[in-house]
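Engineer: I would like to see how this sequence folds:
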Amino acid sequence: MLILIAKFELKPNYIEEFINLSEGMLEPSRSEDGCIHYELLQNPYNPALFTFYEKWKSQADLEEHFEKHYFGEFVNNISDLIVGEGDVTTYEVSNEQEIK
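Structural biologist: Residues are numbered from 1 along each chain as shown. Predicted structure coming up:
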């Protein structure tokens, strides 16, 4: 399993536009065969900070996601809305265990 965490800071006045662009990508991404979990989180203390939290069955599934037209459109459309390039990190997970 692969976990991806992508963090973005938005330029002033672009929060609503970013959310709208993101919403168009969430459901199609969640319906991909290799997607386990796909969530967009907004920082409650700084509304300009967003995090995508994603779980994928494999690296190959994530790479396939990157090839989808809606992902490419999203990336192209947000490039002028964000500060810098964002911070994207993946983690390879060999075991997942629920804590009770």
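Engineer: Phi and psi next, for the residue nearest to the spatial centre of the chain.
Structural biologist: Nearest to the geometric centre of the chain sits Phe52, at 3.4 Å (CA atoms, centre = their mean). With angles defined as degrees, to the nearest 10, Phe52 sits at phi -90, psi 130.
Engineer: If it is in a bridge, with which residues?
Structural biologist: Beta-bridge partners for Phe52, by DSSP bridges, are Ala6, Leu40.
Engineer: from what I can see it touches Glu39, true?
Structural biologist: Yes - shown here, Phe52 and Glu39 form a contact pair, counting by CB atoms under 8 Å, at 7.1 Å. Every residue, glycine included, has its C-beta placed from N, CA and C.
Engineer: okay, now Ala6: neighbour count?
Structural biologist: The number of residues packed near Ala6 is 15, by other CB atoms under 10 Å.
Engineer: Check the one 4 residues further on too.
Structural biologist: For Leu10, the number of neighbouring residues by other CB under 10 Å comes to 21.
Engineer: What residues does the nearest residue in space to it that is not next to it in sequence make contact with?
Structural biologist: The shortest distance from Leu10 to any non-neighbouring residue, by CB to CB, 6 or more residues apart in numbering, is to Ala48 (4.6 Å). Shown in contact with Ala48 (CB atoms under 8 Å, 6 or more residues apart in numbering): 9-12, 15.
Engineer: Please repeat the previous calculation with a cut-off of 7 Å.
Structural biologist: With contact set as CB atoms under 7 Å, 6 or more residues apart in numbering, Ala48 has these partners: 9-10, 15.
Engineer: List the buried residues of the lengthiest helix in the chain.
Structural biologist: Longest helix of the chain, by residue count under DSSP state H: helix 15-30. Within helix 15-30, the residues scored as buried using 16 or more other CB atoms under 10 Å are 15, 18, 21-22, 25, 29.
Engineer: Would you mind giving these as JSON lines with pLDDT added?
Structural biologist: Formatted as JSON lines, the buried residues of helix 15-30 follow (pLDDT from 0 to 100):
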{"residue": "Ile15", "pLDDT": "96"}
{"residue": "Phe18", "pLDDT": "96"}
{"residue": "Leu21", "pLDDT": "95"}
{"residue": "Ser22", "pLDDT": "95"}
{"residue": "Met25", "pLDDT": "93"}
{"residue": "Ser29", "pLDDT": "98"}
